[in-house]
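# build the 3D model from these lines:
(chains A and B)
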Amino acid sequence: MNQPVRNIMIVGVGGQGSLLASKLLGHLLLKKGFDVKVSEVHGMSQRGGSVVTYVRFGEKVFSPIIDQGEADLIVSFELLEAARWLPYLKEGGQIVTNTQMIDPMPVITGAAQYPEHLEAKIAEKARIDALDCLELACRAGSAKAVNIVLMGRLSRYFDFPEEDWLESIEACVPARFVDLNKAAFSLGRNHTPA
Amino acid sequence: MKQLMLGNKAVARGFYEAGCCIVSSYPGTPSTEITEEAVKYDEIYCEWAPNEKVALEAAHGASLGGRRAACCMKHVGLNVAADPLFSISYIGTDTGLVILVADDPGMHSSQNEQDSRHYAIAAKVPMLEPADSQEACDYTKEAFVLSEQFHTPVIVRMVMRICHSQSVVDTCERVVPPQREYIKDQSRVMLPAQARKAHVRVEQRTKDLVEFAETSPLNRVDEGHDHSMGFITSSTCYQYVKELFGDTYPVLKIGMCNPLPVKKFQDFAAAVDRVIVVEELDPILENHCRMLGIPVEGKSLFPMVGEFSQSLIASCLGMEPKTTQAIADPIPPRPPVMCAGCPHRGMFYTLKKNNCMVYGDIGCYTLGSFAPLNAMDLNVCMGASLSGMHGFNKARGPEYEHKTVGVIGDSTFVHSGMTGLADIVYNNSASTVIILDNSITGMTGHQQNPTTGYNIKGDPAAKIDLEALCRAMGVRRVRVVDPYDLKATDAAVKEELAADEPSVIISRRPCALLKNVRHQTPVRVNTEKCIGCKACMQIGCPAIAVHDKKARVDTTLCVGCDVCRQMCRFGALERPDGRDA
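Coordinates of the predicted model:
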């Protein structure tokens, strides 16, 4: 196939469920016949800190990480995190983000400000597809399904048929949560912003 | 079968395929998942040992007993296990013994970024360095083979980026070598007369291993078509070099970093115009080249500090950086925080309020050092809170004995805090020890330990009674307090600080993230009563913020621990279920 390696970053706040998102993506890409590397953050940062997962795929992948200016896509669980990792986006890259805002501790204590009008400011710099994933996840049946709503949205930027994504959900999610997650995926994929 | 596997999972797979039967480890990021994955194989007996020294000794005993054995730890754990390592190197082994150590360049979850390769050199044992998950599996298996072939423990060194990256692994079947007979052999008794002979054997072994390193495919050359440069590299740096240059320049990839071959280095250097060594942390490969008189560039180009990446290497080599974009506003940092409902919060708030000097230790509770609690003066290593406080109190006398505390988690206390407590009692300082007993090893992701009553599989196990233990060690003042109760916690801290003898406060409340911990209804803000004084913000709970001069509780995070309610003088924080403390 000899395609260039593609780079996807999944960013968010520790505890938001980014590990399941990368597991799903890794499973799908491997099934599609790509060489895949996924690099995750475990340990200290998982306690509510800023977390990042790198997903790289192509014919042959060497480095497990993505550097500044290299990401084709950034998937963000939180708006401030989308802004934080923006320098990692390639020129012409795409951001897919949840519009949820979670105050970090320096903002809570008053030591720093959460920037205003972030979505518009990011839009001046890059293509951004922003949606309220928390609301859609709750509609699907659980606030915890934000990660799968985002995967549904991300799927619009791939040529893979929807069945392949749904198959990966079946493979990566406990059986009793499959229907909920499929609903969350579909809401993310098909949602039209008002 | 091809699977996407975390590097750590691939090591566990290597244990399985190599017929390893016994794994004894102590958890530590980034190594923890190896043992957690290994325990999923019923064929492997796994255990959490109280510390890394015990783990290595247990694994060595298992190998002496004729079964392939392993132990896993993070880089600083190898400091703890260093004592047995050096002697086991002398004693040698007939049945495979593999030590898995995970370094943390960049210090994602560690207190230092020591380079464990020095240990292999110092203890004179071979060390292998995988560069992806497939190699993590393959090298682990190879380590058992080398261990038996050369009668030595073998260290496999991972780094965080290999541990926590997933890549494709082709798996094989498990093959278990038959259990070796135990034969008494007193050359294993390390008295000086025997140890002198053992040292001679070790030096010969190293010579044999250098011969092996010359021809082993563990150290290989990836050919390149442009010989104006050549790279010598290993581990994750190999991937970054290949990412940047593909097969343009020749690369000598080192898979066995101790002992290193001689001729292989000389031949490689002779075939290229400029030799560049790319390695994170210390210049081990570079110094080997210099010792051989090979002119190389390494740390003159690259940093000694931190994690590398393809961009970092490119920029050190003078290549153009990629274009990036950013918004103009400053982005507030998002440091890790103590979780909502964390039982440590009430204790750290109390220590701050009483203006204590806090000798810290290693665990989730190190997060108590962050704003707004700022309730930690320093931390050193596992267990140092108690012994360090003892020395500090000896230097400063009663004035500080009445305001200094050592805080240590339940798992850390068993790991290496007990000996510090023995020092306090035996040598009599009026030190106040606080054991933060959250009934689990928290920071590394909920591992059982000897105080929880469960083993690594979650089956019931013997449970160390901390109160009885402290009393048996000679502490007369031992008391238990619930850190969710601020009044009781404050009283306990004040009274024990005032005592003129050693005392132990066990601050007991299970981690709020444990599955069997029942959460209470989230706290509700009565906006009519709330005056926006921000008293509730002093505890640094991520579930509370003040917006438009009123407190706001994030009900998705709040577990109803009620600590914030005890901060509010206006009764503005209420329980929707009406239950009032």
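# which neighbouring elements make contact with the helix or strand encompassing A:Phe57?
In the assignment (DSSP states H and E), A:Phe57 maps to strand A:50-58. The helices and strands touching strand A:50-58, judged by 3 or more CB pairs under 8 Å, 6 or more residues apart in numbering or on different chains; DSSP states H and E, are strand A:6-13, helix A:18-31, strand A:35-39, helix A:79-85. Just so you know, the C-beta spots here come from the backbone N, C-alpha and C atoms, and that holds for glycine as well.
# show me which residues of the stretch 51-200 of chain B are close to chain A?
Within the stretch 51-200 of chain B, the positions lying close to chain A (CB under 8 Å from any CB of the partner chain) are B:108-109, B:132, B:161, B:164-168.
# strands of chain A, start to end?
Assigned by DSSP state E, the strands in chain A fall at A:6-13, A:35-39, A:50-58, A:71-76, A:89-98, A:127-131.
# pull up the pairing partners for the third one, direction included.
When pairs are called by DSSP bridges, strand A:50-58 turns out to pair with strand A:6-13 (antiparallel), strand A:35-39 (antiparallel).
# now these in a markdown table, with mean pLDDT?
Listed next are the strands paired with strand A:50-58 as a markdown table, based on pLDDT from 0 to 100:
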| stretch | mean pLDDT |
| --- | --- |
| strand A:6-13 | 96 |
| strand A:35-39 | 96 |
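# mind putting those strands into a markdown table with mean neighbour count?
Below are the strands paired with strand A:50-58 laid out as a markdown table (neighbours: other CB atoms under 10 Å in any protein chain shown):
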| stretch | mean neighbour count |
| --- | --- |
| strand A:6-13 | 25 |
| strand A:35-39 | 24 |
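# show residues contacting stretch B:570-579.
For stretch B:570-579, the surrounding residues in contact (CB atoms under 8 Å, 6 or more residues apart in numbering or on different chains) are B:520-527, B:529-531, B:533, B:536, B:551, B:553, B:560, B:562, B:564-565.
# centre of the chain to the worst-scoring helix or strand of chain A on mean pLDDT, how far?
One helix or strand of chain A scores below all others by mean pLDDT, DSSP states H and E: helix A:105-108, with a mean of 89. Between the centre of helix A:105-108 and the centre of its chain there are 24 Å (CA atoms, centre = their mean, to the nearest Å).
# hey, C-alpha coordinates of it in PDB?
Output of helix A:105-108 as PDB, limited to C-alpha atoms (Å, rounded to 0.1, in the frame of the first residue of the first chain):
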ATOM      1  CA  MET A 105      -6.800  23.000  39.700                       C
ATOM      2  CA  PRO A 106      -5.000  26.300  39.000                       C
ATOM      3  CA  VAL A 107      -8.300  27.700  37.700                       C
ATOM      4  CA  ILE A 108     -10.200  26.300  40.600                       C
END
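# that helix close to chain B?
Yes. Residues of helix A:105-108 are located near chain B by CB under 8 Å from any CB, namely A:105-108.
# can you tell me the closest non-neighbouring residue to B:Pro398?
For B:Pro398, ignoring the flanking residues on the chain, the nearest one in space by CB to CB, 6 or more residues apart in numbering or on different chains is B:Ala430 at 7.0 Å.
# that neighbour and B:Lys352, how far apart?
According to CB to CB, to the nearest Å, B:Ala430 stands 22 Å off from B:Lys352.
# ok so, going back, isn't the residue nearest to B:Pro398 up against B:Glu496?
No. B:Ala430 is beyond contact range of B:Glu496, at 9.6 Å (criterion: CB atoms under 8 Å).
# between the two, which is the more surrounded one?
B:Glu496 (24 against 21; other CB atoms under 10 Å in any protein chain shown).
# okay, now the domains of chain B?
By the assignment in automatic domain parsing, chain B contains the domains B:2-177+B:191-215, B:219-316, B:344-508, B:518-581.
# for chain B, give me its nearest residue in chain A.
A:Gly69 (3.0 Å; CB to the nearest CB).
# hmm, that residue is touching A:Trp85, no?
No. At 11.6 Å, A:Gly69 does not count as touching A:Trp85 under the criterion of CB under 8 Å.
# just want to know which of these two has more residues nearby.
Applying other CB under 10 Å to A:Gly69 and A:Trp85 shows that A:Trp85 carries more neighbours, namely 24 against 17.
# OK, contacts around that one?
With CB under 8 Å, 6+ apart, A:Trp85 has these contacts: A:9, A:11, A:52, A:71, A:74, A:76.
# one more: B:Leu292?
Shown in contact with B:Leu292 (CB under 8 Å, 6+ apart): B:262, B:265-266.
# what bridges to the residue positioned nearest the centre of chain A?
Centroid-nearest residue in chain A: A:Val75, 3.1 Å away (criterion: CA atoms, centre = their mean). Counting by DSSP bridges, A:Val75 is bridged to A:Ile10, A:Val96.
# that one and A:Gln16 touch, don't they?
No. If you go by CB under 8 Å, A:Val75 and A:Gln16 don't touch, sitting 11.4 Å apart.
# any regions of chain A where pLDDT drops low?
Residue ranges of chain A with pLDDT under 70: A:1-3, A:43-46, A:194.
# can you do 80?
A:1-3, A:41-47, A:193-194 (pLDDT under 80).
# kindly report the same for chain B.
For chain B, the ranges with pLDDT under 80 are B:577-581.
# residue of it closest to chain A, please.
Nearest residue of chain B to chain A (CB to the nearest CB) works out as B:Lys322 at 3.0 Å.
# name all residues that make contact with the closest residue to that residue other than its chain neighbours.
Closest residue to B:Lys322 apart from its sequence neighbours, by CB to CB, 6+ apart: A:Gly69 at 3.0 Å. A:Gly69 is in contact with A:87-91, B:321-324, counting by CB under 8 Å, 6+ apart.
# could I get those residues as a markdown table with neighbour count?
A markdown table is the format used below for these (neighbours: other CB under 10 Å):
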| residue | neighbour count |
| --- | --- |
| A:Pro87 | 18 |
| A:Tyr88 | 23 |
| A:Leu89 | 28 |
| A:Lys90 | 21 |
| A:Glu91 | 10 |
| B:Pro321 | 11 |
| B:Lys322 | 15 |
| B:Thr323 | 10 |
| B:Thr324 | 16 |
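# which of those residues sit farthest apart?
The span of the contacts of A:Gly69, defined through CB to CB, is set by A:Leu89 and B:Pro321 at 14.4 Å.
# not counting sequence-adjacent ones, nearest residue to B:Ile362?
Closest residue to B:Ile362 apart from its sequence neighbours, by CB to CB, 6+ apart: B:Met382 at 5.0 Å.
# right, I mislabeled it, should have said B:Gly65
Using CB to CB, 6+ apart, the nearest residue to B:Gly65 is B:Tyr182, at 6.4 Å.
# pull the contacting residues for B:Pro333.
Residues counted as contacts of B:Pro333 (CB under 8 Å, 6+ apart) are A:50, A:104, A:106, A:112.
# doesn't it belong to a strand?
No. Using DSSP: H, G, I helix; E, B strand; the rest coil, the assignment for B:Pro333 is coil, not a strand.
# from A:Leu80, how far off is it?
Distance, B:Pro333 to A:Leu80, using CB to CB: 10 Å.
# need the overlap of contacts for the two.
With CB under 8 Å, 6+ apart, B:Pro333 and A:Leu80 have common neighbours A:Pro104.
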